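Participant: Everything below, folded, please.
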Amino acid sequence: MVQLAYPLTAKVDQVDDYHGTQVPDPYRWLEDTYSPETNAWIEAQNKLTIAYLEKIPARGKIQARLTELWDYTKASAPFQRGGRYFQFRNTGLQNQDVLFVQESLDGEGRVLIDPNGLSADGTVALTSLAVSDDGHWLAYATSASGSDWMTWRVRDVHTGQDLPDVIEWSKFSGADWLPDHSGFYYSRYESPEPGKEFESANYYQKLYFHRLGQTQSADELVYQRQDRKEWGFGGYVSEDGCYLIISVWEGTEVRNRLFYRDLQGSGEVVELIADLEAKYAFVGNDGPVFYLHTDLDAPRGRVIAIDTLHPAKENWRTLIPQSVDTLEMVTMVNHQFVCLYLQDAHHALKRFGRDGSFLGEIGLPMIGSVVTLSGRRADKELFYAFQSFVCPTTIYCYDFGDDASLTLFSPPIQFDFSPYVTRQVFAMSKDGTRVPMFLVHRQELQAAPQPTLLYGYGGFNISMTPTFSISRLAWLEMGGVYAWAVLRGGGEYGEEWHQAGMKARKQNVFDDFIACAEYLVAEGITSPAKLGIQGGSNGGLLVGACMTQRPDLFAAALPAVGVMDMLRFHKFTIGWAWVSDYGSSDDSEGFHYLYAYSPLHNLRPGTRYPATLITTADHDDRVVPGHSFKFTAALQAAQAGDAPTLIRIQTKAGHGMGKPTAIIIQEQTDIWAFLVRVLEVGS
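Facilitator: Numbers count the residues shown, from 1 in each chain. Okay, the predicted model is just below:
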């Protein structure tokens, strides 16, 4: 490789005092995403990166193959309201999925919303929706350029026309209708300071009710807490229409509070669960008896019943006790509990009566993941979407009467899956913890080390179950091995597994990932010269930490939209919410363990780091791009070897939500081309 001439990045004399420790921050100015200086830096970095990528001979072939693979019909699991069925579809290369409405399950349907017509370049996405119980009204939210900010509108399902209603400055919110269809509940923030829409911290969310035909200024403020700026609110109406359930969240904390309001009563908000002690998810109710999915005294989850007329804890009843497997989700369909369990990071579906009696299992086609469960209490059918590493998203309808699943939609992909296998192995982490990992590759692996991409996340109680990716097929075709690590910090084995990767124990996550990499090398599957690592967001932090701790173990690193400055992440947009998982540099203990692994602060000049392609976007208001900008500048300055250190900054895009197909294909083309070059794939 030839040493690249990187753009000069100015340094400033910024030094911060953290509990007596002086910490320089010479690239602080790159936090200002839209300043002329930062824009010039972005332009120079993108120019260098594009020039490098354009010289890779395989790039054009990879893009052509990805485009060919992507061009197949896709569909989501349908859901039913008022006798109508609603479903997302995509003909193949459409930038955004299109929402259809059908009068019957086997009908062709008609287009209800086509987001592709909302912008010329496909960067306006449909990001949330709610249909009234009678199937007449659709509340839908759109987001522009990948931002988390949403604008709500209302469409008449009969006519396909929008009402004048417009709601702005909503974020991290769904919507739910009153049973009389007069309006819906949603959450929003106050409008941010002009020019700071994508950087200002998001505090003081409020729950509102919007009545059809009214302006946003007339919306009813349902609930707020001026004394709790970190609290956020999700408002949901029970299926019987009697209660407004208010889930009170606090950052990314798994635990939550649960309040409710009797919609036939005085309107008083009752704090059913006022303490932040456990996770509580409302499943359904029989009159005043609420059914909740909780991890209280059950880190792998259970289902309980609370009589709200006698809410004392001694009166709570366990209906479905904790089991060996992790209870990930519970819903009520056909007046039963349908429970989604995790068994060594893959899914199983089980049915229980409302008294907790086991009724049977819904068989799944292979080791994989249920990505959608769709059904309501009175429905006789359950729709679900299933996928795995070598099984594209397939839609099923389970009939409770026949106890059988019917395939509604199977994607017509022109790809031969038969040469590829998925197997699960277990690595041993530094402290002896057994760490699962899925491997996807050709049935017959060659003896020589193979180009391998290891992916991980490890945080926020998010479970990493087998998923399908059309772009991954191109990697497998080129002879690559794909490894999917299941790390502590996730939710695969319940809350204990999550807590083992939080705050002062975050190093366990990095140790787990490194152990998976060492397993791949020890088993002869790959070698450090053929091994790349990848992760996004919290996974970008994972990649950044591991490449700084073990630069000798990897040849390539792909951190996407990563949290790289662990001392300042909480100062931007929703970053404060991650303190529940990471801790904070504002307190002495938090500072010391964050400083010990923060990717930005652990780069050492004169070190040979892996070839690195950092990816981010200018409208990322989840993990602001300043993280990636500062890390890039510091890594380019520290890099001693000739391995390329590049950043690819997508314009008119954000953290990933709603990204157009065309942009995804181009970005993935560049990632595969980069790996082909630095891992010498095919040589």
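
Participant: This protein - how does it break down into domains?
Facilitator: Here the domain assignment for the chain is 15-67+415-567+593-678, 72-237, based on automatic domain parsing.

Participant: And the contacts of stretch 540-547?
Facilitator: Under the criterion CB atoms under 8 Å, 6 or more residues apart in numbering, residues 456-459, 487, 509-510, 513-514, 517, 533-535, 553-554, 557-564, 566, 597-600, 602, 609-610, 612, 623, 628, 631 lie in contact with stretch 540-547. Backbone N, C-alpha and C define where each C-beta goes, glycine included.

Participant: Give me the spatial nearest neighbour of residue 332, chain neighbours excluded.
Facilitator: Spatially, and ignoring its direct neighbours in sequence, residue 332 is nearest to residue 284 (4.1 Å; CB to CB, 6 or more residues apart in numbering).

Participant: who's the one you found bridged to?
Facilitator: With DSSP bridges applied, the residues forming beta bridges to residue 284 are residue 291.

Participant: Would you mind saying which of the domains of the chain lies nearest residue 299?
Facilitator: For residue 299, the closest of the domains of the chain is domain 15-67+415-567+593-678, at 3.9 Å, according to CB to CB.

Participant: Rounded mean pLDDT for that closest one, please.
Facilitator: Mean pLDDT, taken over the full extent of domain 15-67+415-567+593-678, equals 95.

Participant: and the end-to-end length of it?
Facilitator: Chord length of domain 15-67+415-567+593-678, first to last residue, is 36 Å (CA to CA, to the nearest Å).

Participant: repeat for stretch 457-469
Facilitator: The stretch stretch 457-469 measures 16 Å between its terminal residues, going by CA to CA.

Participant: re the thing from before, the residue nearest to residue 332 touches residue 239, doesn't it?
Facilitator: Yes. Applying CB atoms under 8 Å, one finds residue 284 in contact with residue 239, separated by 6.5 Å.

Participant: Looking at those two, which one has more neighbours?
Facilitator: Set side by side, residue 284 and residue 239 give different neighbour counts by other CB atoms under 10 Å, the larger being at residue 284 (20 against 15).

Participant: That one and residue 258: what is the separation?
Facilitator: Using CB to CB, to the nearest Å, one obtains 14 Å as the distance from residue 284 to residue 258.

Participant: do residue 511 as well
Facilitator: 35 Å.

Participant: Likewise for residue 624?
Facilitator: Residue 624 is 32 Å from residue 258, where distance means CB to CB.

Participant: Determine the three-state secondary structure at the residue of the chain most remote from its centre.
Facilitator: The outermost residue of the chain, judged by C-alpha distance from the chain's mean C-alpha position using CA atoms, centre = their mean, is residue 266 at 38.3 Å. Assigned by DSSP: H, G, I helix; E, B strand; the rest coil, the conformation of residue 266 is coil.

Participant: And it, how far from residue 206?
Facilitator: The spacing between residue 266 and residue 206, counted by CB to CB, is 21 Å.

Participant: One more: residue 186?
Facilitator: Applying CB to CB, one obtains 10 Å for the distance of residue 186 from residue 206.

Participant: so what's the residue positioned nearest the centre of the chain up against?
Facilitator: With distances taken as CA atoms, centre = their mean, the residue of the chain nearest its centroid is residue 462 (8.0 Å). Neighbour list for residue 462: 490, 491, 538 [criterion: CB under 8 Å, 6+ apart].

Participant: so it, which of the three states?
Facilitator: Following three-state DSSP, residue 462 is assigned to coil.

Participant: Ok, the one 10 residues further on next?
Facilitator: Secondary structure state of residue 472, per three-state DSSP, is helix.

Participant: That one: neighbour count?
Facilitator: Neighbouring residues of residue 472 were enumerated by other CB under 10 Å; the total is 21.
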